[in-house]
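**Q** make a model of this:
(one chain, ligands or ions: 1)
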Amino acid sequence: MRIAHAESLGSKSQIKVSRTEPSKARRLHAVSTVRTVEDEIIIGDCIERLASLPADTFDLVFADPPYNLQLESSLTRPDQSMVDAVDDDWDKFASFSDYDGFTRRWLAAVKRVMKRNGTLFVIGSYHNIFRVGATLQDEGFWILNDIVWRKANPMPNFRGRRFTNAHETLIWASRSPDAKSYTFNYEAMKAANDDCQMRSDWFFPICTGTERLKDDAGRKVHPTQKPEALIARILLAASKPGDLVLDPFLGSGTTAAVAKRLRRRFVGIERDPVYARAAIERVAAVEPLATELLGETPSKRAERRVSFLSVVEAGLIRPGEMLSDAGRRHQVQVRADGTVALGAIAGSIHKVGALVQGLPSCNGWTFWQRRTPAGFEAIDAARERFRAVSPA
Ligand SMILES: C[S@@+](CC[C@H](N)C(=O)[O-])C[C@H]1O[C@@H](n2cnc3c(N)ncnc32)[C@H](O)[C@@H]1O
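**A** I've put the predicted structure just below:
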């Protein structure tokens, strides 16, 4: 990477670019934003370079490894034009066992640098994702979900011998089964999905149009550039602003570009200097969104715990008040000690809510409602008022 190239990095964040030997790492650009860890694009082999990064560093990893497509011959369309398929050397492995060995090595290297509660998304197609999934389980990762990226505009099956291959699969995994406090922005995802839980089937077009990087001759810079919307969904779901994101197979820099836009920090590793250079230029042109536009939705789990008794003691719900469920089938009376009673049955809002429904558990805050001058509202609204008026 030449210094002259770095001068064109019109970036507000600090991007460090390093070559294969860490000793030759050169900072090419430094600017105004102070950050605890520099954004960095490393040119080199990820397995080697990860070994020199500190353990327990990354909050989130997105990996788009070689797919090992095993193309045996060139592919043509019905008009005999050539399909621009992935036939690059970086995608070739001598055998499945070679590919498995490679997968095991990079997964182990990634695991070491992940924070205890960090998570990993790895994307692949039917060519590799089953092997990657088995290997990551063997390496001790814990699968949280598999996500299907359904493509709005997949490439047709030109020979008509198989179904159109219209999706790729992402595996989302935590570092180990006992890593329970990983980031999942459940409320934000639900709000983004018209207040329904975000599902594991995502629909996005493949990367085309102005988003697709092209060289001066109009050729694609990278054969497998991922859509920014897909990476943005991942970062918005499983990281927070300021978190450190790793992409060990950076390619054209999609993860770094989206991370910068969404104000996450990033380290990207790419072996091919041409791709890395394209990534650096791309990232330099990205403007981070204004902080207030990141739209962080507070997580209910992270909110301060408030007991029902505190709300009663604060006078926001009075002893003697009647609460009912939304269908008005059950009615309970609030007691001074923060329990509710239904005839001879008494207990917490959750316990009595579960009992009347015959369920093992119930969120009493959302199940029970109280009458107000403006109509019925869930008692959760009183808890919100308590949080707003009482110091933490
Ligand atoms: C599937 S592509 C990633 C594309 C990327 N997600 C994007 O949006 O542009 C995989 C990339 O990994 C790189 N690569 C392959 N083996 C590598 C290794 N051992 N270390 C670092 N990069 C590697 C390839 O050069 C290729 O650019």
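**Q** which helix or strand contains the residue most central in space within the chain?
**A** Using Cα atoms, centre = their mean, the residue of the chain that lies closest to the mean C-alpha position is Ile234, 2.6 Å off. Here Ile234, judged by DSSP states H and E, is contained in helix 228-238.
**Q** can you show me the strands along the stretch 201-350 of the chain?
**A** For the stretch 201-350 of the chain, strands defined by DSSP state E, counting those that start in this stretch occupy the ranges 201-204, 244-247, 265-270, 322-324, 331-334, 340-342, 345-347.
**Q** so which of those strands comes closest to the ligand?
**A** strand 265-270 (5.1 Å; Cβ to the nearest ligand atom). In short, each C-beta sits where N, CA and C put it, glycine included.
**Q** can you give the contact residues for the closest one?
**A** Contacts with strand 265-270, where a contact means Cβ atoms under 8 Å, 6 or more residues apart in numbering, come from 35-46, 49-50, 53, 58, 242-251, 253, 255-256, 259-260, 276, 279.
**Q** using TSV, please lay out the strands of the stretch 201-350 of the chain together with mean neighbour count.
**A** Formatted as TSV, these follow (neighbours: other Cβ atoms under 10 Å):
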stretch	mean neighbour count
strand 201-204	14
strand 244-247	26
strand 265-270	27
strand 322-324	17
strand 331-334	19
strand 340-342	18
strand 345-347	14
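**Q** report the contact partners of Phe141.
**A** Per Cβ under 8 Å, 6+ apart, neighbours of Phe141: 107, 111, 120, 173-176.
**Q** filter those down to just the ones in helices.
**A** Members of the contacts of Phe141 lying in helices (criterion: DSSP state H): 107, 111.
**Q** what helix or strand is the nearest residue to Ser239 once chain neighbours are set aside located in?
**A** Once flanking residues are discounted, Ser239 sits nearest to Leu60: 4.4 Å by Cβ to Cβ, 6 or more residues apart in numbering. Using DSSP H and E, the element containing Leu60 is strand 58-63.
**Q** is any residue of that strand near the ligand?
**A** No. On the criterion Cβ under 6 Å from any ligand atom, strand 58-63 is out of touch with the ligand, staying 7.8 Å away.
**Q** list the helices and strands that strand packs on?
**A** Applying 3 or more Cβ pairs under 8 Å, 6 or more residues apart in numbering; DSSP states H and E, one finds that strand 58-63 contacts helix 96-113, strand 114-124, helix 228-238, strand 244-247.
**Q** and that strand, how far out from the chain's middle?
**A** Here the centre of strand 58-63 is set off from its chain's centre by 8 Å, with Cα atoms, centre = their mean, to the nearest Å.
**Q** what strands line up against that strand, and which way round?
**A** If you go by DSSP bridges, strand 58-63 pairs up with strand 114-124 (parallel), strand 244-247 (parallel).
**Q** of all of the stretch 201-350 of the chain, which residue lies closest to the ligand?
**A** Gly251 (2.6 Å).
**Q** what bits of the stretch 201-350 of the chain have low per-residue confidence?
**A** 298-302 (pLDDT under 70).
**Q** near the ligand, which residues of it?
**A** Within the stretch 201-350 of the chain, the residues that sit near the ligand (Cβ under 6 Å from any ligand atom) are 222, 224-226, 249, 251-252, 254, 269-272, 275.
**Q** list just the nearest of these to Glu296.
**A** Thr254 (22.5 Å; Cβ to Cβ).
**Q** gap between the closest one and Pro227?
**A** Distance, Thr254 to Pro227, using Cβ to Cβ, to the nearest Å: 8 Å.
**Q** of these two, which one has the most company?
**A** Applying other Cβ atoms under 10 Å to Thr254 and Pro227 shows that Thr254 carries more neighbours, namely 28 against 20.
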